[in-house]
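In: I would like the atomic coordinates for the input below:
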Amino acid sequence: MGITSFTQELTSPVSAARMFKALIMESSTLIPKLLPHFIKSVDVIQGDGGAGSFEQVNFTEASHFKYVKHRIDELDRENFVCKYTMIEGDVLGDNLESIAYEVKFEAMSAGGCICKMTSNYHTNGEFEIKEEEIKAGNEKAIGIYKVVEAYLLENPTIYA
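Out: Predicted coordinates:
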């Protein structure tokens, strides 16, 4: 098994607290609401939504995928950090065992925040994931991030 890591940072004019609440704490209701053509539902299938819980993201027929399951490994509400691992789903295919994510929102002195995201791709056997494949997956994540950011900018009292 090999591990390939990818890190990126995104800035936002929205506060760290609001971005964390929208993208992490309220994602099960907000994401399907904002992206109903791609995300059918996000369901907590075990636990209370905190560390140790499991959630399943169900995609619509418009997606190439059916579902993914995540294990929430750490949820730090005070420091705006979430660590979770994709453990199941057709997104992983035959060559990936899992993908571990760390998402951290940090306040910027001028306002807004920096979102730091690290993805660790755990591969099966000698498989090496290509950088283009990682970038394609991350572009989808950035797309969700930008949709949520736009929603929060248009609705300044939501999650304030």
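
In: Return the residues in contact with the spatially closest residue to L23 that is not a sequence neighbour.
Out: Nearest in space to L23, with sequence neighbours left out and distances taken as C-beta to C-beta, 6 or more residues apart in numbering, is V148 at 5.5 Å. All C-beta atoms are positioned from the backbone trio N, CA, C, and that covers glycine. Residues in contact with V148 (C-beta atoms under 8 Å, 6 or more residues apart in numbering) are 19, 22-23, 30-31, 34.

In: which one among the residues you listed gets closest to N120?
Out: Proximity of the contacts of V148 to N120 (C-beta to C-beta) peaks at L23, which lies at 19.2 Å.

In: Longest helix of the protein, counting residues only.
Out: Longest helix in the chain by number of residues, with DSSP state H as the criterion: helix 131-154.

In: how about a markdown table for the contacts of V148, with neighbour count and secondary structure added?
Out: Below are the contacts of V148 laid out as a markdown table (neighbours: other C-beta atoms under 10 Å; DSSP: H, G, I helix; E, B strand; the rest coil):
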| residue | neighbour count | secondary structure |
| --- | --- | --- |
| M19 | 24 | helix |
| A22 | 23 | helix |
| L23 | 23 | helix |
| L30 | 21 | helix |
| I31 | 20 | helix |
| L34 | 16 | helix |
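
In: okay if I get the residues you listed as TSV plus pLDDT?
Out: Written out in TSV, the entries for the contacts of V148 read as follows (pLDDT from 0 to 100):
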residue	pLDDT
M19	97
A22	97
L23	96
L30	96
I31	95
L34	97
